[in-house]
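In: mind folding the following:
(2 chains)
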Amino acid sequence: MFTRNAVFMVIAASCLLATGSIVADDNPRLGEAVSSAEIARMDFTVLPNGDGLPGGSGTAAAGALVYQQNCLACHGTAGKDGPNDSLVGGIGSLVTEQPQKTVGSYWPYATTLFDYVRRAMPYQAPGSLSDDDVYAVTAYILYLNDIVGEDDRLDAETLPEVRMPNRENFVWAYAPD
Amino acid sequence: MAHDKSPVAGNGLFDRRFFLKAGVAGSATLMSAAASPAERPAWMRAPGAPMSPSGEPSEHEAHVQRRPIGSHPGTTGTGAARTPLELLDGVITPSRLHFERHHSGIPAIDPDEHRLVIHGLVDRPLSFSLEALSRYQHVSRIQFLECTGNSGASIAPEPVQASCGAIHGLVSASEWGGVPLSVLLQEAGIKASGKWIIAAGADAAAMSRSVPVEKALDDAIVALYQNGERLRPSNGYPMRLFLPGWEGNMSVKWLRTLKVVDQPAMTKDETSKYSDLQADGVARLFTFPIGVKSVITSPSPGLTMGEAGIYQVSGIAWSGAGRIRRVEVSADGGKSWADAALDEHIMSKCLTRFRSAWRWDGSPAVILSRATDEAGNVQPTRDAVLEGRANGAFYHYNGIQAWRVGADGEISNVYA
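Out: Modelled structure (predicted):
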């Protein structure tokens, strides 16, 4: 049968031959369809605009206990003076001789804190915190930096609205096309 | 040709064609040597060892190992181990000695269970098994990978006294083989609004970075092979992202998901770690291509000079902008320079080996190398790199390295 599609394909093939740039489609196309449920189980990405944030919520008041049980050993009492990265303090220090880069003084987006804690923390048992716990401990670290109040409730709506003190001091070295 | 045998730069540096001429004279000497009476060393008096399933280095080379191995407090798998540059030659790093930098250890991945999922702003979210990816047309390229923190010790107020590899060994080069990422993205179909890709690994940190779609479609690959064999676990087995010439952290190991989005995710590593804080408080994000750079690996700290005489000065040069065009060497602290010879294989975004002949007179000397890439970028001085940086900002360091050769043959790190 010489259908309209077949005619089109012949014409298309002729054009490719004429230009000498045959797209030899050697792609075996072995990618398998994947369900949104399966993707959701693998996807930890949170964007600065809040895309990817799950349901649930938490406050600093609730996050204090989460922090003490899961974070304190490495990051110290109140987010500083621990053996690993300081999370608190240093605001205003970046232009001094001793810049201290912490969540409060340096990080441009609060969403990054949720993203990172959910994907990678606590170090010895990543994935062990509930989404409510992640919201709560995020709120606690921001509270210790005087960025949110103790009872401010963080969720998918309010977290992207948190304004980090150092937000305006980042510039891009990369210019997309 | 007498000029080939006379120094062309201060303190005994020869022309880059020196070894060519010296080689001819050397052969003649060998041929005229008198034959010695037949005599066998111990290893020639009986048959040697049998064949084996896997070739290992000589027991006399047991000291050639990655070092130093440093991890964060309370962890064994978050940290780095470096390539012992001063003990290697050529440009390909043996896989076992390729530097490693992990953010939550090396995962023990079952390749049969592992999947790479491409999703987000695509027409068809797709999942690829290792078996499936193995059937695609592969490409392979010999290219370097450098950690953004490499050479960071060079910002210290006083020169750090450590081996060349301990300071600069977060760079290695391999033949990387795998599937062009553009092929897989084409299969999934990127929507017009898709501008960035969030790559994440299957390690315990689910390490993630934002990659511009332009780079993904340009020369990125999903690498399955390193130096002809499957990736080593410490380099991403069974699959990793490889972005030629760009900062190493973006070449996400144990690649698990690629999410196409319309903006960067501002991940922990790209914002709080591998950004460059300036003295005025402004921080630069997304410094992706590696700057033009070189370092003399021999002589260098970790090695010792013998008696005065002619030595090979050898090192590596590289640039994220493409090929290395020129390397100059100085033996008088930077007052005069001579072009080094470049080994034959000069490949884009790869290490290039350079060599110079130097007559060391046995007195203290300061040797340096300076690379230029095909885009015309010239390796900057240390002062130029540090100009305008905040105190302690150590990422993306590519300054000229000076080594001091002492009269006692000891080699140390100095700021020239």
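In: which parts of chain A are strands?
Out: Under the criterion DSSP state E, chain A carries strands at the ranges A:32-33, A:57-58, A:154-155, A:170-172.
In: same question for the stretch 101-250 of chain B.
Out: Assignment of strands within the stretch 101-250 of chain B using DSSP state E, counting those that start in this stretch yields the ranges B:115-120, B:126-129, B:139-146, B:171-180, B:196-201, B:208-212, B:221-226, B:229-230, B:240-242.
In: now the shortest one, how far from the centre of its chain.
Out: The chain centroid and the centroid of strand B:229-230 are separated by 19 Å, computed with Cα atoms, centre = their mean, to the nearest Å.
In: each with direction, which strands does that strand pair with?
Out: strand B:221-226 (antiparallel) (DSSP bridges).
In: residues of the stretch 51-200 of chain B that sit close to chain A?
Out: B:72-75, B:78, B:103-104, B:117-119, B:124-129, B:132-133, B:135-137, B:183-184, B:186-188, B:195, B:198, B:200 (Cβ under 8 Å from any Cβ of the partner chain). Backbone N, C-alpha and C define where each C-beta goes, glycine included.
In: please, a ChimeraX command that selects the buried ones among those residues?
Out: Paste this into ChimeraX to select the buried members of these, with burial taken from 16 or more other Cβ atoms under 10 Å in any protein chain shown:
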select /B:75,78,103,104,117,118,119,125,126,127,128,129,132,133,136,183,184,187,188,195,198,200
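In: before we move on, back to that, buried deepest among the strands of chain A, which one?
Out: Looking across the strands of chain A with neighbours counted as mean count of other Cβ atoms under 10 Å in any protein chain shown, the highest average goes to strand A:154-155: a mean of 24.
In: show me what it is packed up against.
Out: Using 3 or more Cβ pairs under 8 Å, 6 or more residues apart in numbering or on different chains; DSSP states H and E as the contact criterion, the secondary-structure elements in contact with strand A:154-155 are strand A:57-58, helix A:131-144.
In: B:E56: which of the ones you listed is closest?
Out: The closest of the helices and strands packed on strand A:154-155 to B:E56 is helix A:131-144. By Cβ to Cβ, the value is 46.3 Å.
In: same for the closest one, what does it pack against?
Out: Counting contacts by 3+ Cβ pairs under 8 Å, 6+ apart, helix A:131-144 is packed against strand A:57-58, helix A:60-70, helix A:110-120, strand A:154-155.
In: the first one: how far from the chain's middle?
Out: Strand A:57-58 has its average C-alpha position 17 Å from the chain's average C-alpha position, going by Cα atoms, centre = their mean.
In: pLDDT on it, on average?
Out: Averaged over strand A:57-58, pLDDT sits at 98.
In: note down every partner strand of it and its orientation.
Out: Strand A:57-58 has its sheet partners listed here by DSSP bridges as strand A:154-155 (antiparallel).
In: what sits up against the strand it pairs with?
Out: Residues external to strand A:154-155 that are found in contact with it (Cβ atoms under 8 Å, 6 or more residues apart in numbering or on different chains): A:53, A:55-59, A:135-136, A:138-139, A:142, A:148, A:162.
In: quick check: the closest residue to chain A within the stretch 101-250 of chain B vs B:A265, distance?
Out: With Cβ to the nearest Cβ as the measure, the residue in the stretch 101-250 of chain B that lies nearest chain A is B:L126; the distance is 3.0 Å. According to Cβ to Cβ, to the nearest Å, B:L126 stands 21 Å off from B:A265.
In: follow-up on the earlier one: which non-adjacent residue is nearest the residue of the stretch 101-250 of chain B closest to chain A?
Out: A:G31 (3.0 Å; Cβ to Cβ, 6 or more residues apart in numbering or on different chains).
In: residues contacting that neighbour?
Out: Counting by Cβ under 8 Å, 6+ apart, A:G31 touches B:118, B:124, B:126-128, B:132, B:184, B:187-188.
In: and it, how far from B:G189?
Out: Note on A:G31: its distance to B:G189, by Cβ to Cβ, is 10 Å.
In: overlap in contacts, those two.
Out: Shared contacts of A:G31 and B:G189 (Cβ under 8 Å, 6+ apart): B:R124.
In: tell me the domain ranges of chain B?
Out: Each structural domain of chain B that the record assigns through automatic domain parsing is listed here as a residue range: B:100-282, B:293-414.
In: mind putting the ones you listed in a markdown table, mean pLDDT included?
Out: As requested, these are arranged in a markdown table below (pLDDT from 0 to 100):
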| stretch | mean pLDDT |
| --- | --- |
| domain B:100-282 | 98 |
| domain B:293-414 | 97 |
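In: among those, which comes closest to B:D15?
Out: Within those, the stretch nearest B:D15 is domain B:293-414; the backing value is 6.9 Å (Cβ to Cβ).
In: the closest one near chain A at all?
Out: Yes. With Cβ under 8 Å from any Cβ as the criterion, chain A is reached by domain B:293-414 at B:390-393.
In: just the buried subset of those, please.
Out: Judged by neighbour count, with 16+ other Cβ under 10 Å as the criterion, the buried members of the residues of domain B:293-414 next to chain A are B:390, B:393.
In: so which of the residues of domain B:293-414 next to chain A comes closest to B:G409?
Out: For the residues of domain B:293-414 next to chain A, the minimum distance to B:G409 (Cβ to Cβ) is 34.2 Å, reached by B:G392.
In: which residues are in contact with the closest residue to the closest one other than its chain neighbours?
Out: Counting by Cβ to Cβ, 6+ apart, the nearest residue to B:G392 once its immediate chain neighbours are dropped is A:P99, at 6.1 Å. By Cβ under 8 Å, 6+ apart, A:P99 lies in contact with A:90, A:93, A:105, B:277, B:390-393.
In: could those residues go into TSV alongside distance to B:A371?
Out: Formatted as TSV, the entries for those read as follows, by distance: Cβ to Cβ, whole Å:
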residue	distance to B:A371
A:G90	37
A:S93	36
A:S105	36
B:L277	26
B:A390	26
B:N391	27
B:G392	26
B:A393	22
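In: nearest to B:F19, of those?
Out: Nearest to B:F19, judged by Cβ to Cβ, of those is B:A393 at 40.1 Å.
In: what sits against the closest one?
Out: A:99, B:155, B:276-278.
In: same check, this time on B:Y415
Out: Neighbour list for B:Y415: B:159, B:382, B:402 [criterion: Cβ under 8 Å, 6+ apart].
In: hmm, the last one is touching B:V414, no?
Out: Yep, that's B:A402 we're talking about. Yes. Counting by Cβ atoms under 8 Å, B:A402 does reach B:V414; the two are 5.1 Å apart.
In: show me where chain A dips below the pLDDT cut-off.
Out: Within chain A, the set of residues satisfying pLDDT under 70 comprises A:1-24.
In: in it, what residue is nearest chain B?
Out: When scored by Cβ to the nearest Cβ, chain A has A:G31 as its residue closest to chain B, at 3.0 Å.
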